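Q: Structure of the sequence below:
(one chain, ligands or ions: 1)
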Amino acid sequence: MKDFADKIAVITGAGSGMGRDLAVRLSEQGAHLALCDLNEQELQRTVELCDNRVRTSMFVCDVSDEQALEKFRDATIEAHQQDTINLLFNNAGIGTTESFLTGSRSSWEKTFDVCWNGVYLTSRVFIPLVVAADEGHVINTSSINGFWASLGPSRTHTAYSAAKFAVKGFTEALINEFRLHAPHVGVSLVMPGHIGTGIAANSRVIVEGELSPEASELAAAFRNGAPTTSLQAADVILEGVREGRWRILIGEDAHILDAMVRADPEQAYEESFVTQLHEAGVLDVLVR
Ligand SMILES: NC(=O)c1ccc[n+]([C@@H]2O[C@H](COP(=O)([O-])OP(=O)(O)OC[C@H]3O[C@@H](n4cnc5c(N)ncnc54)[C@H](O)[C@@H]3O)[C@@H](O)[C@H]2O)c1
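A: Take a look at the predicted model:
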């Protein structure tokens, strides 16, 4: 897809971070938008930030709830008076470090549900509308944790990693699926490194219903210590889509980690691997 003017783009998790900045950038480039998020107030804020020359609709919905997604689809068709869309950004996600062995099962499953089922169910509901369009592209956001299942030796990370590996596998398999059954549809897998968004704070609020002062401080350190802003990330994603690349790594940290894991996978979960990462000057805040 060479340009986004007059295309219709669905973005999940558009109330913050990369989803919001994708919406802003796409609106500046003439795409019409159908946005969803759990957080109505922040979603409304995104609509206000978008270029008002494009048509923008918003819908409050949980991407892990198929019936809610079907309502979002119907509302999108109604708002845009069209039963096709061109771009689907499966972006919504939460990040938690719940232990599989000693942590809360409901929190573990919530993370997996949003990060994997959210992508799967949104794809089930919206990909038929992409396939029905003349030209389409599906963009699924995984993570560096889609190819490296760790945040370093001091923390557990099974739910998020399992979900993000699933997103990676699904998306890579879609490449051939589309070639066989819908060759006019492209697909991209987004693997961001550390991006300065509100994900740490937002995830706490979504999973635990509150943000303690200590968690708030950690979330601020996460946002402020990132080497890449979410607007920069949105630009990298859209450039990758325009260039038709299926593999979109974001940030020097993601590129370095990817090269290191590929070079020596057997060492990837050793402490020395994290020492090497820090010697390379990347992922200091995220990985410890
Ligand atoms: N920020 C990073 O460093 C980073 C790194 C790698 C991958 N990612 C991934 O990038 C994507 C975007 O993250 P971000 O950093 O912009 O986070 P963010 O918290 O700033 O934005 C995510 C948005 O998704 C929404 N959301 C969460 N659960 C939802 C649900 N069940 N249904 C609908 N909306 C929901 C949140 O309310 C929020 O507005 C996520 O999939 C995340 O896992 C982020």
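
Q: helix, strand or coil for residue 69?
A: Counting by DSSP: H, G, I helix; E, B strand; the rest coil, the backbone at residue 69 sits in helix.

Q: pLDDT at it, what is it?
A: Predicted confidence (pLDDT) for residue 69: 98.

Q: And it, how close does it get to residue 152?
A: 35 Å (Cβ to Cβ, to the nearest Å). The way it works is simple: take the backbone N, C-alpha and C, and place the C-beta from them, glycine included.

Q: These two: who's more crowded?
A: residue 69 (23 against 16; other Cβ atoms under 10 Å).

Q: Now do the same contact list for that one.
A: 61, 63, 121-122, 125-126 (Cβ atoms under 8 Å, 6 or more residues apart in numbering).

Q: can I assume residue 276 sits in a helix?
A: Yes - according to three-state DSSP, residue 276 belongs to a helix.

Q: ok, of the contacts of residue 69, which one's closest to the ligand?
A: Nearest to the ligand, judged by Cβ to the nearest ligand atom, of the contacts of residue 69 is residue 63 at 3.9 Å.

Q: Quick one: neighbours of the closest one, just the number.
A: 27.

Q: Next up, the contacts around it.
A: So residue 63 contacts 12-13, 36, 69, 90, 92, 114, 117-119, 121-122 (Cβ under 8 Å, 6+ apart).

Q: List just the nearest of those residues to the ligand.
A: Using Cβ to the nearest ligand atom, these come closest to the ligand at residue 13, 2.7 Å.

Q: excluding its backbone neighbours, what's nearest that closest one?
A: Distance criterion Cβ to Cβ, 6 or more residues apart in numbering; nearest residue to residue 13, sequence neighbours excluded, is residue 92 at 3.0 Å.

Q: same question, residue 118
A: residue 63 (3.5 Å).

Q: The one you found belongs to a strand?
A: No - read with three-state DSSP, residue 63 is coil and lies in no strand.

Q: Need the phi and psi values for it.
A: phi -70, psi -10 (degrees, to the nearest 10).

Q: Can you check the pLDDT for it?
A: Reading off the model, residue 63 has pLDDT 98.

Q: again, but for residue 208
A: pLDDT, residue 208: 89.

Q: now residue 106
A: Confidence score, pLDDT, at residue 106: 94.

Q: The residue nearest to residue 118 and residue 10, how far apart?
A: 11 Å.

Q: Give me every residue in the stretch 151-288 of the chain lying close to the ligand.
A: Counting by Cβ under 6 Å from any ligand atom, the stretch 151-288 of the chain comes close to the ligand at 192, 194-195, 197-199, 202, 206, 230.

Q: any chance of those residues in CSV, with neighbour count too?
A: As requested, these are exported to CSV (neighbours: other Cβ atoms under 10 Å):
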residue, neighbour count
192, 26
194, 22
195, 27
197, 24
198, 18
199, 20
202, 23
206, 16
230, 24
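
Q: if we can go back for a sec, quick one: common contacting residues for residue 63 and residue 10?
A: residue 36.

Q: Give the burial count for residue 243, as a bare number.
A: Counted with other Cβ under 10 Å, the neighbours of residue 243 add up to 11.

Q: typed the wrong thing, it's residue 106
A: 10.

Q: Assign it to helix, strand or coil.
A: helix.

Q: How much space separates it from the ligand?
A: 14 Å (Cβ to the nearest ligand atom, to the nearest Å).

Q: how far away is that residue from residue 245?
A: 37 Å.

Q: Ok, residue 284 next?
A: Residue 284 is 28 Å from residue 245, by Cβ to Cβ.

Q: that older thread, how about TSV for the contacts of residue 69, with distance to the ligand added?
A: Output for the contacts of residue 69, formatted as TSV (distance: Cβ to the nearest ligand atom, whole Å):
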residue	distance to the ligand
61	6
63	4
121	10
122	9
125	13
126	13
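
Q: count of residues packed around the residue in the stretch 51-200 of the chain positioned nearest to the ligand?
A: Across the stretch 51-200 of the chain, no residue is closer to the ligand than residue 93, which sits at 2.3 Å (Cβ to the nearest ligand atom). Neighbours of residue 93 under the rule other Cβ under 10 Å: 27.

Q: Excluding chain neighbours, what is closest to it?
A: Using Cβ to Cβ, 6+ apart, the closest residue to residue 93 is residue 115 (5.0 Å).

Q: Could you do residue 124 as well?
A: Per Cβ to Cβ, 6+ apart, closest to residue 124 is residue 66, 7.2 Å.
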